[in-house]
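Engineer: Just a sequence and a predicted model for now, questions to come.
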Amino acid sequence: MSSKYCHESRATLIIRVFPTDLNNHRTLFGGKILADMDMTASITASRHARTKCVTASIDHVDFLHPVTEQDCISYESFIVLTGRSSMVIFVKAIAENLLTGDRRVAATSFLTFVGMKDDKTVPVPSIILETEEERELAEIAKARIEKSKKQQTD
């Protein structure tokens with residue numbers, strides 16, 4: 001199977017925050033952030049594999065800063081690691097105050113997707129990392145996988 005560059009499957013989604021998106025603390029509901037992260041990552045997975053892809057896992061979401069009604073939020077996703085049929089996708093959510101222009105990383109997560117055809121896993125292309133950020137995130141993803149495997153055997 002061939003390899004693909006990371007930028008070929010990168011995806012971005014930008015959404016304005018509305019009052020109906022807020023929780024009782026007047027900040028963006030965490031479930032909305034999770035759903036949008038999954039949606040953005042699914043586009044990256046499908047672009048990379050060019051086949052049906054399903055979410056296999058969402059690894060520890062870090063909510064770093066609250067998102068308010070004055071913000072828009074952009075999600076950026078890209079593949080940092082591939083297996084035979086799996087793809088680890090890093091997603092970061094960046095909040096921007098539309099009145100001041102201040103930007104901050106609101107949340108990050110690693111999601112794993114699997115390529116599927118006829119209800120069976122299929123091979124996906126390997127990834128060619130291009131930037132230092134992508135290489136660093138690949139190392140973090142590998143460490144998280146090893147830690148998870150170790151916890152499962154303990």
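Structural biologist: That came through, no problem. Residues are numbered from 1 along each chain as shown.

Engineer: So which residue is dead centre in the protein?
Structural biologist: residue 91 (2.7 Å; CA atoms, centre = their mean).

Engineer: which residues pair with that residue across the strands?
Structural biologist: residue 77, residue 109 (DSSP bridges).

Engineer: was I right about it contacting residue 80?
Structural biologist: No - applying CB atoms under 8 Å as the test, residue 91 and residue 80 come out as separate, 10.4 Å apart. (Each C-beta comes from the backbone N, C-alpha and C, glycine too.)

Engineer: so what sits against both of the two?
Structural biologist: residue 110 (CB atoms under 8 Å, 6 or more residues apart in numbering).

Engineer: Tell me which residues of stretch 25-35 come out buried.
Structural biologist: 27-29, 32-34 (16 or more other CB atoms under 10 Å).

Engineer: so where's this protein shaky on pLDDT?
Structural biologist: 1 (pLDDT under 70).

Engineer: Helices along that one, start to end?
Structural biologist: Ranges of helices within the chain are 30-49, 132-153, based on DSSP state H.
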